[in-house]
Each structure stands twice: as C-alpha cells, then as structure tokens.
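Peer 1: Starting from these lines, generate the structure:
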Amino acid sequence: MAEKVTIPRLSHEGSVYADYPVVGKPGWFRVVDGNGKTLKPLIRCNCGHVTGIGLHYVHADGTVTRSFYHKKGTIPPEDPKGCEWHVHLKLADWTGEDVPPDKK
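Peer 2: Numbering: from 1, shown residues only. Now for the predicted structure:
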C-alpha cells in the first residue's frame, strides 16, 4: 500500500522549473487561469520532476485521489525518467477548492 504524504505549497517567481531538479523535496504549485480561478496544481515529485495531475481529484481539504505514481516506462502516462515514487498525497495549505478530474 502506498504511503500517505503531506506535501507543502511551494512558491515560485516565474518558472516552476527555475530550481529544477530539487530531489527529496516534493511539493505543489498553485495554478490559476486568466480569471483567477484555481486550477489543478502542479506537483513536484520526490525526484524533482514537475508534472500535472489531470486524472486525479483534488478535494476541498487538499486530499488527492487516486494515488500519485511516477511510473517509469515508455507508454504514456509513464515517464522514461520515472522514479517509481508511489504515494497518497495531501496538499498542505490547499486553497479549499474541490477540483474534479479533467474530462478525458
């Protein structure tokens, strides 16, 4: 069973990739649209890779469902540089929105 991990909100000035890679320091970045609406966050994996979580559900309390899995492989959504980090995420200081999975 995957471990439960609470990751901090990360601030960024400019690019979320500015300090890439930051290994061993996972977290999440706030994403908003042009109207200021909160969208699904970007996740910085434990290996430092920054990725979206479009197929996941972010609940109002910051719990992310399904588990986050940075799977190594060559068939999307696998990543050739995947680190195999598999956890259940909770977003610390989440902004309170309920954000369902993206439509397929």
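Peer 1: got the contact list for Gly96?
Peer 2: When contacts are counted by Cβ atoms under 8 Å, 6 or more residues apart in numbering, Gly96 touches Ala60. For every residue, glycine as well, the C-beta is placed using N, CA and C.
Peer 1: Against Asn35, how distant is it?
Peer 2: Counting by Cβ to Cβ, to the nearest Å, the gap from Gly96 to Asn35 is 17 Å.
Peer 1: ditto for Cys47
Peer 2: The gap separating Cys47 from Asn35 is 33 Å, by Cβ to Cβ.
Peer 1: The two - which one has more neighbours?
Peer 2: It is Cys47, of Cys47 and Asn35, that has more neighbours when counted by other Cβ atoms under 10 Å, with 17 against 5.
Peer 1: so the more buried one touches Glu84, yeah?
Peer 2: No: in this structure Cys47 lies outside contact range of Glu84 using Cβ atoms under 8 Å: 9.0 Å.
Peer 1: can you list residues touching both of the two?
Peer 2: Common contacts of Cys47 and Glu84, defined by Cβ under 8 Å, 6+ apart, comprise His70.
Peer 1: any idea which residue sits dead centre in the chain?
Peer 2: Ile43 (2.4 Å; Cα atoms, centre = their mean).
Peer 1: helix/strand/coil for that one?
Peer 2: strand (DSSP: H, G, I helix; E, B strand; the rest coil).
Peer 1: what's the pLDDT at it?
Peer 2: Confidence at Ile43, expressed as pLDDT, is 94.
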